[in-house]
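K.L.:
the following comprises the amino acid sequence and a computationally predicted model.
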Amino acid sequence: MLKEQAQARIEELHQLINHHNYQYHVMDQPTITDQEYDQLMQELIRLEEQFPELLRPDSPSQRVGGQPLSSFQKVEHKIPLLSLGNAFNEQDLRDFDRRVRQSARDGEDAISYMVELKIDGLAISLTYENGILVRGATRGDGSVGEDITNNLKTIRSLPLRLNEPVTIEVRGEAYLPKKEFERINNEREQEGEALFANPRNAAAGSLRQLDPKIAAKRSLDIFLYGIGSIEGKTLTAHSEGLDYLETLGFKVNKERRLFHNIEDVITFIQGWTNKRKDLPYEIDGMVIKVDSYTLQESLGMTAKSPRWAIAYKFPAEEAVTILEDIEVNIGRTGVVTPTAVLKPIALAGTTVKRASLHNEDIIREKGIMLGDHVIVKKAGDIIPEVVGVLPERRTGNEKEYHMPNHCPACESDLIRLEGEVALRCINPKCPAQILEGMIHFVSRDAMNIDGLGERVVAQLYEHQLIKSVADLYTLEREQLIGLERMGEKSIQNLLEAIGKSKENSLEKLLFGLGIRLVGSKAAKVLAQKYETLENLQVATEEELMAINEIGPKMADSIVTYFNMPEVQETIERLANLGVNMTYKGAKGVDISNIDSIFKDKTIVLTGTLHQLTRNDAAAKLEALGAKVTGSVTKNTDILIAGEKAGSKLTKATELGIKVMSEEEFLQELNQIEQ
């Protein structure tokens, strides 16, 4: 076959295979047999092997391929993927409607709501350039996600090439169908592996596999639910945007309706509260969005969520089962947590065998006894919890439960600190606390060491390869060979990830150390303020309490922590092993004596900035006392416009809002920082 003939046939095969993918995975109306489909794919692969110069990145053959990654690259979202505010009852929805109408300039009759199913999966962002998929990323923290393009390509319903050569960024929810979830868990159970807790966890775990071939074995699917940005096309409403996504070849959920008043919205939601069980995928609520894009812009955003949308969460499902036993676990701070061991029961799409009891006082208040029939619910459809007992079902064989007096891990006396309800083990050498502390240290929000999950950390600890977090940085290849599921590639990736974590900024280390009461936000505040761990170690309670975000209890906890000899020894070892002890982020600014034009102002950033990322610019503005929002409204004080500023610049000009160029913004920053 000549090259020209091969090129024509390859193009024809692309169109045929993409068409049949769409018919099968989007429309659920297959028009050829699996055997016929496989023959087309094999013909395409043979031609691409014969003429490798004709292989294109959007070829259907490229859905699964390439070598496993060593780690995921970070991706900064040009437009943040904000989370939604929640509604838990009908009154919450009516309050949302009232807020929308009070803020809207248009008349009441002009307000329409698009209501969609809230798919229980993993939020993702997809970028297409000239109609070709170039990047797919997780939501992450909303501003920065992870590049999982190769894994997303394995989803057959996701087009690699759109029906139009448009440049667009879209948002969607990748999910695992119920049947596939059951199949995967059955396989894992047979192989002795830990079961996925729910389809959402399974979907997230599949898409974060470094080897795309693993993701390909799990029949993930996706629904698209929104447009982040688009070039060269003007859309006026969310409903119009969803219809347009369908014309491009995306899979959009059909169970969506447009309503013109909140009472019809509520009726629609009520109908789905029970019908959701019949769906082939999990949903955990409904999403209500103002349809008009103009009104969305006018309503704007809070720091965390849009004012023009809300997520209605279904009431938690409840079930009755028998409490067979109570086990206690020791957390990284020594807190003793009782857990109910239950007779297995199906609840909200999963089999529940254990549930939280929180603490001893809760057990007493609810009158829980061993052998009781108990009511279990999933709070937010995620965490099983015992919410009550059915004393009328008691047989007389039930037994009162007493919390232990000694730590089950180290036999130390358990105590209750003044003002606290929880029992604690205060032995700093308690093995359970050490293990939980190391699991926390390597977690994503802390040192973020890929490949060090709970099971691997536990295995290293059980083999006495690590006794403290510092030991992680002394691990060598020879120590890891022979451990369960530790091949050469896994060992190499793990050691590289451990080495990379040494470069983390100080706030990651601070949070990872697990100082009681110090969360990720407080860790960043402390890192910005003190800049080095050495400076923080000598801070007094009075100095710490002078910081707005630090209260007396946290200040006492920080000082107590750094005065412990074993802590000082660990920090010294970490420093000697090359772990960074300084803050690498944008420096905080003391605004108390600064006369800044940004202080107490509402500011919007738009367009492309060349000297700073939008996140860095927003951080500097917030440090100067500004409020940074995503939409231009009559309440906006300043618009900072980078290159290719679009509709926001036009709207700001129309409203007479002050506009600053990137150069003017940087000049103002330089004057302040000098």
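P.N.:
Ah, there it is.

K.L.:
pick out the residue nearest the middle of the protein.
P.N.:
By C-alpha atoms, centre = their mean, the chain has its centre lying nearest to Gly140, at 4.8 Å.

K.L.:
so who does the closest residue in space to Asp413 that isn't next to it in sequence touch?
P.N.:
Distances taken as C-beta to C-beta, 6 or more residues apart in numbering place His406 nearest to Asp413, at 6.2 Å, with adjacent residues excluded. Any C-beta I mention is one placed from the backbone N, CA and C, and that applies to glycine too. The neighbours of His406, taking C-beta atoms under 8 Å, 6 or more residues apart in numbering as the test, are 412-414.

K.L.:
which SSE is immediately downstream of the lowest-mean-pLDDT helix or strand in the chain?
P.N.:
Across the helices and strands of the chain, mean pLDDT, DSSP states H and E gives its lowest value to helix 614-623, namely a mean of 78. The first helix or strand that comes after helix 614-623 along the chain, using DSSP states H and E, is strand 627-629.

K.L.:
in its sheet, what does the helix or strand following that next one sit against?
P.N.:
Using DSSP H and E, the helix or strand that follows strand 627-629 in sequence is strand 638-641. Its sheet considered, strand 638-641 pairs with strand 602-606 (parallel), strand 658-661 (parallel) by DSSP bridges.

K.L.:
show me what secondary structure element comes after strand 638-641.
P.N.:
helix 647-655.

K.L.:
who are the packing partners of that next one?
P.N.:
When contacts are defined as 3 or more C-beta pairs under 8 Å, 6 or more residues apart in numbering; DSSP states H and E, helix 647-655 packs onto strand 602-606, strand 638-641, strand 658-661.

K.L.:
check which residues of the first one are buried.
P.N.:
The one in question is strand 602-606. 602-606 (16 or more other C-beta atoms under 10 Å).

K.L.:
quick one, what contacts Ser61?
P.N.:
Applying C-beta under 8 Å, 6+ apart, the residues near Ser61 are 41, 44-45, 48, 55.

K.L.:
do the same with Gly142
P.N.:
Per C-beta under 8 Å, 6+ apart, neighbours of Gly142: 77, 80-83.

K.L.:
that one: what secondary structure?
P.N.:
The local conformation at Gly142, judged by DSSP: H, G, I helix; E, B strand; the rest coil, is coil.

K.L.:
what residues of stretch 182-195 count as buried?
P.N.:
For stretch 182-195, using 16+ other C-beta under 10 Å, the buried residues are 184-185, 195.

K.L.:
do the same with stretch 561-578
P.N.:
Those would be 561-562, 567, 570-571, 573-574, for stretch 561-578 by 16+ other C-beta under 10 Å.

K.L.:
how far is it from where the chain is centred?
P.N.:
Counting by C-alpha atoms, centre = their mean, to the nearest Å, stretch 561-578 is centred 31 Å from the centre of its parent chain.

K.L.:
any idea which element Ile310 lies in?
P.N.:
Ile310 belongs to strand 309-313, assigned by DSSP H and E.

K.L.:
re the thing from before, quick one: closest of the helices and strands packed on helix 647-655 to Lys553.
P.N.:
Nearest to Lys553 among those is strand 602-606; the distance by C-beta to C-beta comes to 33.5 Å.

K.L.:
where in the stretch 301-450 of the chain is pLDDT low?
P.N.:
303, 348-349, 379-383 (pLDDT under 70).

K.L.:
strands along that one, start to end?
P.N.:
309-313, 318-330, 336-347, 350-356, 369-370, 373-379, 383-389, 399-400, 414-416, 423-425 (DSSP state E, counting those that start in this stretch).

K.L.:
out of the ones you listed, which comes closest to Pro159?
P.N.:
Nearest to Pro159, of the strands of the stretch 301-450 of the chain and by C-beta to C-beta, is strand 309-313 at 25.7 Å.

K.L.:
pull the CA atoms of the closest one into PDB?
P.N.:
Provided in PDB are the C-alpha atoms of strand 309-313 (Å, rounded to 0.1, in the frame of the first residue of the first chain):
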ATOM      1  CA  ALA A 309     -25.000  27.500  42.000                       C
ATOM      2  CA  ILE A 310     -25.700  25.200  44.900                       C
ATOM      3  CA  ALA A 311     -25.500  21.400  45.500                       C
ATOM      4  CA  TYR A 312     -28.500  19.700  47.100                       C
ATOM      5  CA  LYS A 313     -27.300  16.700  49.200                       C
END
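
K.L.:
which helices and strands sit right next to it?
P.N.:
The helices and strands touching strand 309-313, judged by 3+ C-beta pairs under 8 Å, 6+ apart, are strand 85-87, helix 90-103, strand 283-290.

K.L.:
domain assignment for the protein?
P.N.:
3-63, 85-146+158-313, 318-416, 431-501, 506-576, 602-673 (automatic domain parsing).

K.L.:
could you dump those domains to TSV with distance to Gly585?
P.N.:
Converted to TSV, the domains of the chain look like this (distance: least, C-beta to C-beta, whole Å):
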stretch	distance to Gly585
domain 3-63	35
domain 85-146+158-313	13
domain 318-416	25
domain 431-501	15
domain 506-576	7
domain 602-673	8
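
K.L.:
of those domains, which is nearest Gln73?
P.N.:
Short answer: domain 85-146+158-313, nearest of these by C-beta to C-beta, at 7.1 Å.

K.L.:
chain center to the closest one, what's the gap?
P.N.:
14 Å.

K.L.:
same question for stretch 614-624.
P.N.:
22 Å.

K.L.:
show me what the helix or strand hosting Glu43 is packed up against.
P.N.:
Element membership of Glu43, judged by DSSP H and E, is helix 34-50. Counting contacts by 3+ C-beta pairs under 8 Å, 6+ apart, helix 34-50 packs against helix 3-21.

K.L.:
quick one, the least confident helix or strand of the chain and strand 602-606 angle?
P.N.:
If you take axes from the mean of the first three to the mean of the last three C-alpha atoms, to 10 degrees, helix 614-623 sits at 170 degrees to strand 602-606.

K.L.:
and helix 614-623, what's buried?
P.N.:
Buried residues in helix 614-623 (16+ other C-beta under 10 Å): 614-615, 617-623.

K.L.:
please report how far the residue lying closest to Leu465 once chain neighbours are set aside lies from Val252.
P.N.:
Distances taken as C-beta to C-beta, 6+ apart place Gln479 nearest to Leu465, at 5.4 Å, with adjacent residues excluded. Per C-beta to C-beta, to the nearest Å, Gln479 is found 51 Å from Val252.

K.L.:
likewise for Pro60?
P.N.:
Taken as C-beta to C-beta, the span from Pro60 to Val252 is 21 Å.

K.L.:
and for Thr636?
P.N.:
32 Å.

K.L.:
ok, Ile168 next?
P.N.:
Taking C-beta to C-beta, one finds Ile168 at 14 Å from Val252.

K.L.:
tell me which of the two has more neighbours.
P.N.:
Ile168 (23 against 20; other C-beta atoms under 10 Å).
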